[in-house]
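# Based on what follows, work out the 3D shape:
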Amino acid sequence: MTPKLQVDAIHKVFDNGNHNAFTDLCRFRDHIYLTFRTCPDGHMLFTSSRIVVLRSQDGQEWTQVHLFGVPKRDVRDPHFLVFGDKLFVYTGTWWVDPHDSSERDINDHLGFAAWSEDGLNWHDPVLLNGTHGHYIWRAGAHNDIAYLDARRIANFDVVAERERRQEQTESWLLYSTDGFNWTPAGCMLPHFGGETSFVFEDDDSITALIRSGAAIPAWLCRSDPPYAEWTYKQLTREVGGPLLVRWGEHYLVGGRNRTAPGGPVTTLYWLIDDELCEVTTLPSGGDTSYPGFVALSPTHGLLSYYSSHEGSGTSLAPSAIYLANLKISDS
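Numbers count the residues shown, from 1 in each chain. Model prediction:
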């Protein structure tokens with residue numbers, strides 16, 4: 001039976017006139033944390049970009065507890081990891097050419113982390129060893145090991161043609177025992193790799209949803225420990241900036257839907273029998289997606305996302321951060 005999903009309320013929680021985007025949510029100790037990128041100049045690569053961290057006790061009132069950037073680099077796609085009694089915020093960073101900010105090479109990409117032991121006092125960001133040439137994205141922890149999604153060009157080749165570069169982009173899973181030093185575990189997808197969201201199953205296997213880097217349908221990938229060998233199946237649609245979470249007995253998926261009649265929107269799905277079942281579209285448009293999620297109970301959760309539909313309607317400022325209050329029922 002397909003569970004019913006109710007969107008109780010949607011609140012705009014951050015709108016400072018910048019382009020605000022790429023969200024994530026988590027629970028650490030007795031607070032909920034929300035992170036995203038803010039940039040006055042827009043979606044693309046700018047050294048003016050910063051990572052914001054907010055926290056709340058109830059998901060209603062939010063306080064900023066951290067703000068950071070990396071010199072000479074664009075910071076984006078922040079994601080949380082609770083690991084080793086620390087709250088990490090990981091960010092992928094592009095080197096920004098001072099003469100031409102449109103120039104980019106994923107082989108120059110680096111991952112950085114800021115972290116805190118109490119959620120209030122934060123350490124300055126540090127380079128993550130083992131991430132050079134990797135575009136890092138979501139993280140997770142299981143059995144005292146941390147895992148990190150990262151995409152890279154096969155053999156770290158320099159590839160000028162965009163189509164060939166997309167084809168040669170691999171999605172990898174990295175692992176770490178301390179959250180700072182990373183080693184490859186296995187290649188999740190050898191071609192057209194992209195942003196990846198993954199969950200650990202009760203039998204220690206991993207289920208991963210991978211956005212294709214070429215605007216083609218997403219992939220559902222699986223692996224058993226030690227996650228060196230993967231199987232993959234292509235789904236029926238693209239999911240931009242994907243979210244995949246286990247919520248009780250259900251699998252919730254969210255991300256950008258480019259095929260909506262009015263243009264891109266953020267859409268939610270259930271993953272049932274390895275197929276995406278569309279549930280609802282959130283108020284959104286223009287530049288939008290990159291949801292985060294935290295479960296408050298087996299039937300109540302918060303979902304974050306960004307959208308420019310009440311702002312520029314484009315990838316330029318302003319765009320805002322939203323929180324949706326979700327409830328599910330099986331009847």
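# quick one: the helices in the stretch 51-200 of the chain?
Secondary structure of the stretch 51-200 of the chain (DSSP state H, counting those that start in this stretch): helices at 162-167.
# pLDDT-wise, which helix or strand of the chain ranks last?
The weakest-scoring helix or strand in the chain, judged by mean pLDDT, DSSP states H and E, is helix 162-167 (a mean of 88).
# any residues touching it, and which ones?
Among residues not part of helix 162-167, those counted as contacts by CB atoms under 8 Å, 6 or more residues apart in numbering are 106, 153, 159, 191-192, 213-214. Glycine gets a C-beta too; all of them are placed from N, C-alpha and C.
# and that helix, which residues are buried?
Buried residues in helix 162-167, defined by neighbour count with 16 or more other CB atoms under 10 Å: 165-167.
# any chance of the contacts of helix 162-167 in CSV, with neighbour count and distance to Ser308 too?
Formatted as CSV, these follow (neighbours: other CB atoms under 10 Å; distance: CB to CB, whole Å):
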residue, neighbour count, distance to Ser308
Ile106, 18, 26
Ile153, 22, 30
Val159, 17, 31
His191, 16, 31
Phe192, 21, 27
Gly213, 22, 23
Ala214, 16, 24
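# Of the residues you listed, which belong to strands?
Applying DSSP state E to the contacts of helix 162-167, the entries found in strands are Ile153.
# pretty sure Trp180 contacts Gly111?
Careful, residue 180 is Phe and not Trp. No - with contacts counted by CB atoms under 8 Å, Phe180 stays clear of Gly111, the gap being 10.0 Å.
# export the least confident helix or strand of the chain as PDB, just CAs?
What follows is helix 162-167, C-alpha atoms only, in PDB (Å, rounded to 0.1, in the frame of the first residue of the first chain):
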ATOM      1  CA  ARG A 162      31.700  18.500 -21.600                       C
ATOM      2  CA  GLU A 163      29.800  15.400 -23.000                       C
ATOM      3  CA  ARG A 164      32.900  13.200 -22.700                       C
ATOM      4  CA  ARG A 165      33.700  14.600 -19.200                       C
ATOM      5  CA  GLN A 166      30.200  13.600 -18.100                       C
ATOM      6  CA  GLU A 167      30.500  10.100 -19.500                       C
END
